[in-house]
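A.B. asks: Here's a sequence, model it:
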Amino acid sequence: MPTTDPDAVTTRGDARSPGVLLLHPWWGVTPAMRWWADQLVSVGRRVVVPDLYGGATAATVAEAEARAEATLQDPAALSLVQRCADGLAAEAAPWAAMGFSMGAFLACNLAGRGAAGPDQLVLFYGGQAPQGTDVRTRRVDLHVPPDDPWFGDDELAAVEAGFRDAGADVIVYRYEGCGHWFAETGSPGYEPAAADLARDRVLERLSVPA
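C.D. replies: So this is what the prediction gives:
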């Protein structure tokens, strides 16, 4: 089930504001993702949101998993992410990539692009070690629950070690008593209090000074 519209990109916020590339989880661009985009706009960011499902969303875990597997093998979807990153990098200003689960995995793919990579990564319960040797991402924040069957301790350790070895500052925020998807309203694992705490941490990290 590859994306049906490889040009589906929405942008929120002032065109002059520093950018954040927001990469959605395997559910698609849900109301939770639009809420996160609005939160980032509220602290002075411009948010670029590629829709890798062409407007579709998944209703069940099985459907979401199938869509994610297809998307990660779909050249058009991966090219869309790269084009969005290229557009932000061409502005010659620091920018960030923020991803949830599948989106976090894709965000890490951008880190090994040298000067064209994001200065910061904000990752929710997902990711991978950076690929390549020219990693200029300087800060990585990971927001994770304990004992996550979808993003295990070994995967988390690999992301931490990979970015630290590349010279990035890595902070891991752990949300006790939560599970995967805790920061996404409408998801099976949504936890309002933890989501609010995560929001405060993300906005503190990515807010634009007045």
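A.B. asks: what's around residue 25, how many residues?
C.D. replies: 27 (other C-beta atoms under 10 Å). For glycine as for every other residue, the C-beta is placed from the backbone atoms N, C-alpha and C.
A.B. asks: Tell me which helix or strand the most centrally placed residue in the chain sits in.
C.D. replies: Note on the chain: the residue nearest the mean C-alpha position is residue 99, at 0.9 Å, using C-alpha atoms, centre = their mean. Assigning secondary structure by DSSP states H and E places residue 99 in strand 96-100.
A.B. asks: any residues touching that strand, and which ones?
C.D. replies: 18-25, 33, 36, 40, 85, 105-108, 110, 118-127, 183-184, 202, 206 (C-beta atoms under 8 Å, 6 or more residues apart in numbering).
A.B. asks: mean confidence score for the helix or strand just after that strand?
C.D. replies: Where DSSP H and E defines the elements, the next helix or strand beyond strand 96-100 is helix 102-109. The average pLDDT for helix 102-109 rounds to 97.
A.B. asks: cool, and stretch 13-20?
C.D. replies: For stretch 13-20, the mean confidence score works out to 94.
A.B. asks: And that stretch, end to end?
C.D. replies: 10 Å (C-alpha to C-alpha, to the nearest Å).
A.B. asks: and it, how far from the chain's centre?
C.D. replies: Chain-centre distance of stretch 13-20: 17 Å, with C-alpha atoms, centre = their mean, to the nearest Å.
A.B. asks: where in the chain is pLDDT low?
C.D. replies: Filtered on pLDDT under 70, the chain yields the residue ranges 1-7.
A.B. asks: mind listing the helices for it?
C.D. replies: In the chain, the segments counted as helices under DSSP state H are 31-42, 61-71, 75-89, 102-109, 153-165, 192-206.
A.B. asks: of all these, which lies closest to residue 54?
C.D. replies: helix 75-89 (9.1 Å; C-beta to C-beta).
A.B. asks: in the closest one, what counts as buried?
C.D. replies: When neighbours are counted by 16 or more other C-beta atoms under 10 Å, the buried residues of helix 75-89 are found to be 77-78, 80-82, 84-85, 88-89.
A.B. asks: ok, now stretch 40-55?
C.D. replies: So, applying 16+ other C-beta under 10 Å, buried residues of stretch 40-55: 40-41, 43-54.
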